[in-house]
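Asks: this one's sequence-less:
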């Protein structure tokens, strides 16, 4: 165990106003609710948060507001990844200064066919520029979206070069064989699974938990599995949990989760999405909600 | 012809200091040199410029400095694309305010599988927020890197919704059939080919020129073809031109071009690249330079 974060983290959905600005007060209340409902921590500004659709200023102002509202910084792992070293440095330095438990760092994702050397140098340059011993980096492996990823060779090199600073990863590859290889290769590395589908398998191999989009809507159920993964019926609990994801998996994830929030809260503004994301059609939303209710 | 830009534009390489900060004075001198050497305009902050590796503040300060140095704004088409609407709005508003001939706008490139509706809404939202009649948008179609692109349906919709504002595109698909379909579908749309390999074909079908990485090193030769595309020997001129690209095509483009600049100027600092890009190996650089010298 290298970092202090473990358990169930939500990549917090970002509620938006009609003019597509972040609904900051609603977001802060939602963050607090998630912690009350079962999350052990929060990963604001993840993919599910539409973070890369937010401006740099918006992200920084939101994190300041969240901390000012009293959310414990040790429980926060804000996403800080951008395409550009100086922008990532700004976000990571802010998070370290505020005492965040960690930061979630995408690889540089504009250019494609990026070499391991290039990914390593990018992360190294960010760490050197931030120059703050409080910085704890979790690398964010999500090739289905970022295309560029973190190979095992890059992880190994980062762990050697920055022990105690590079402490873990979120594996959103969707590929259990890959996650297993990371868990087996680096026993002291804090691996969060990007999908709660793999939570039991992750914990059994020494992983530290999950940062899952589904934690926005079923934090209690995911937390229950996290707390009871050694129980005899753990496989059954995992299977029960999987029904919620199965209900939503045929729909674009972020619009689907915002539909669930709109329905649950009766607040239609939860449906607001920033382009390029678009809402589910009314028919698809009804179909998804029916499956979800029956899960 | 909808915009005022045409001819040969260089997506200007960004020289960097040893600490990886932009070498702004050298960059401004290079911009002026390119215009003196044959470029009819400049597209700073393109892919070749490592623009998405530059911070938002760096980009804005550089454009201000370039304009303050007296480079005619009407000849500029700065890249303004980011993943996030507010950041793109900042860059586009600055360019419009400065009187730039146009802006080059990437689609939102973080999420994958983005719908046409999502791409349209993103560009529309940027245009509405900038709210400046001086804004002239050239959409930047480069699926090999951005993955997300501009379909013909999106272009058609943008042209109808924002006539006189969405005026053209850069087609860096590398796919002539695609470029031909755009040229044929939208005769009044200003299509620049992203590769000078297609310059003659582009001009013959009513295109307006090229924005090509190679214009950083052979602006005069590309300009010559542009000025003489109706000449009897135009095909031979195109073929002669193609030898320079053929000499470099097996090497990562940006490192290769910076190698050529370092060799030509005797200034080794031209080799500085910002991660995630990395230099060619010494052997590859030698091999490439020999091929280029023989082109």
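Replies: Everything's here; your move. Keep in mind that this is a model prediction, so the values were computed, not measured.

Asks: close to chain B: what parts of the stretch 151-295 of chain A are there?
Replies: Residues of the stretch 151-295 of chain A lying close to chain B (C-beta under 8 Å from any C-beta of the partner chain) are A:274-278. From N, CA and C alone the C-beta is placed, and that goes for glycine too.

Asks: number of nearby residues for the closest residue to residue A:17 other than its chain neighbours?
Replies: Leaving out its chain neighbours, the residue that sits closest to residue A:17 by C-beta to C-beta, 6 or more residues apart in numbering or on different chains is residue A:23, at 5.0 Å. Residue A:23: 19 surrounding residues under other C-beta atoms under 10 Å in any protein chain shown.

Asks: does chain B sit close to whatever helix or strand residue A:119 lives in?
Replies: Element membership for residue A:119 (DSSP states H and E) is helix A:116-130. Yes: contact of helix A:116-130 with chain B (C-beta under 8 Å from any C-beta) involves A:117-119, A:121-122, A:125.

Asks: how far away is the residue nearest to residue A:81 when sequence neighbours are not counted from residue A:84?
Replies: Leaving aside its sequence neighbours, residue A:81 sits nearest to residue A:106 (C-beta to C-beta, 6+ apart; 2.6 Å). Distance, residue A:106 to residue A:84, by C-beta to C-beta, to the nearest Å: 11 Å.

Asks: who has more neighbours, those two?
Replies: Remark: of residue A:106 and residue A:84, residue A:106 carries more neighbours, 27 against 23, as counted by other C-beta under 10 Å.

Asks: so what's the more buried one scoring on pLDDT?
Replies: If you check residue A:106, the pLDDT there is 98.

Asks: then the one 5 residues further on?
Replies: On the pLDDT scale, residue A:111 is placed at 97.

Asks: and residue A:2, by the same measure?
Replies: As predicted, residue A:2 sits at a pLDDT of 79.

Asks: now residue A:39, what's its secondary structure?
Replies: Three-state call for residue A:39 (DSSP: H, G, I helix; E, B strand; the rest coil): coil.

Asks: I figured it hits residue A:221, correct?
Replies: No: look at residue A:39 against residue A:221 with C-beta atoms under 8 Å: they stay out of range, at 11.6 Å.

Asks: these two - which one has more neighbours?
Replies: residue A:39 (24 against 20).

Asks: and the more buried one, how far from residue A:64?
Replies: Residue A:39 is 21 Å from residue A:64, by C-beta to C-beta.

Asks: repeat that for residue A:176.
Replies: For residue A:176, the distance to residue A:64 - C-beta to C-beta - is 38 Å.

Asks: where's residue A:222, which helix or strand?
Replies: helix A:219-227.

Asks: tally of neighbours for residue A:103?
Replies: So residue A:103, with other C-beta under 10 Å, has 28 neighbours.

Asks: on the pLDDT front, check it for me.
Replies: For residue A:103, the predicted pLDDT is 98.

Asks: residues in contact with it?
Replies: When contacts are counted by C-beta atoms under 8 Å, 6 or more residues apart in numbering or on different chains, residue A:103 touches A:77-80, A:91-92, A:95-96, A:135-138.

Asks: run the chain-centre distance for stretch A:277-295.
Replies: Relative to the centre of its chain, stretch A:277-295 is centred 23 Å away, using C-alpha atoms, centre = their mean, to the nearest Å.

Asks: now stretch A:173-183: how far from the chain's centre is it?
Replies: Taking C-alpha atoms, centre = their mean, the mean C-alpha location of stretch A:173-183 is offset from the chain mean by 16 Å.

Asks: pLDDT of that stretch, averaged?
Replies: Mean pLDDT, computed over stretch A:173-183, is 97.

Asks: buried sites along it?
Replies: A:173, A:178-180, A:182-183 (16 or more other C-beta atoms under 10 Å in any protein chain shown).

Asks: now stretch A:77-87
Replies: Those would be A:77-87, for stretch A:77-87 by 16+ other C-beta under 10 Å.

Asks: just the residues you listed now: which is nearest chain B?
Replies: residue A:86 (3.1 Å; C-beta to the nearest C-beta).

Asks: could you check how far the closest residue to that closest one other than its chain neighbours is from residue A:116?
Replies: Sequence neighbours aside, residue B:55 is the residue nearest to residue A:86 in space, at 3.1 Å (criterion: C-beta to C-beta, 6+ apart). According to C-beta to C-beta, residue B:55 stands 24 Å off from residue A:116.

Asks: ok, these two, which is more surrounded?
Replies: Comparing residue B:55 with residue A:116 by neighbour count (other C-beta under 10 Å), the higher total belongs to residue B:55, at 19 against 16.

Asks: right, and that one touches residue A:126 too?
Replies: No: applying C-beta under 8 Å as the test, residue B:55 and residue A:126 come out as separate, 11.9 Å apart.

Asks: secondary structure element holding residue A:285?
Replies: Going by DSSP H and E, residue A:285 is in helix A:282-293.

Asks: which residues does that helix contact?
Replies: By C-beta under 8 Å, 6+ apart, helix A:282-293 touches A:244, A:247-248, A:250-251, A:256, A:259-260, A:263, A:279-280.

Asks: residue A:48 against residue A:9, yeah?
Replies: No: contact status for residue A:48 versus residue A:9: not in contact, 11.0 Å apart, counting by C-beta under 8 Å.

Asks: residue A:82 belongs to a strand, doesn't it?
Replies: No: counting by three-state DSSP, residue A:82 is not found in a strand; it is coil.

Asks: does it touch residue A:54 like I think?
Replies: No: proximity of residue A:82 to residue A:54 does not meet the contact threshold set by C-beta under 8 Å, at 10.6 Å.

Asks: ok, residue A:69 - contacts?
Replies: A:28, A:32.

Asks: chain neighbours aside, what residue packs nearest to residue A:97?
Replies: Using C-beta to C-beta, 6+ apart, the closest residue to residue A:97 is residue A:132 (7.0 Å).
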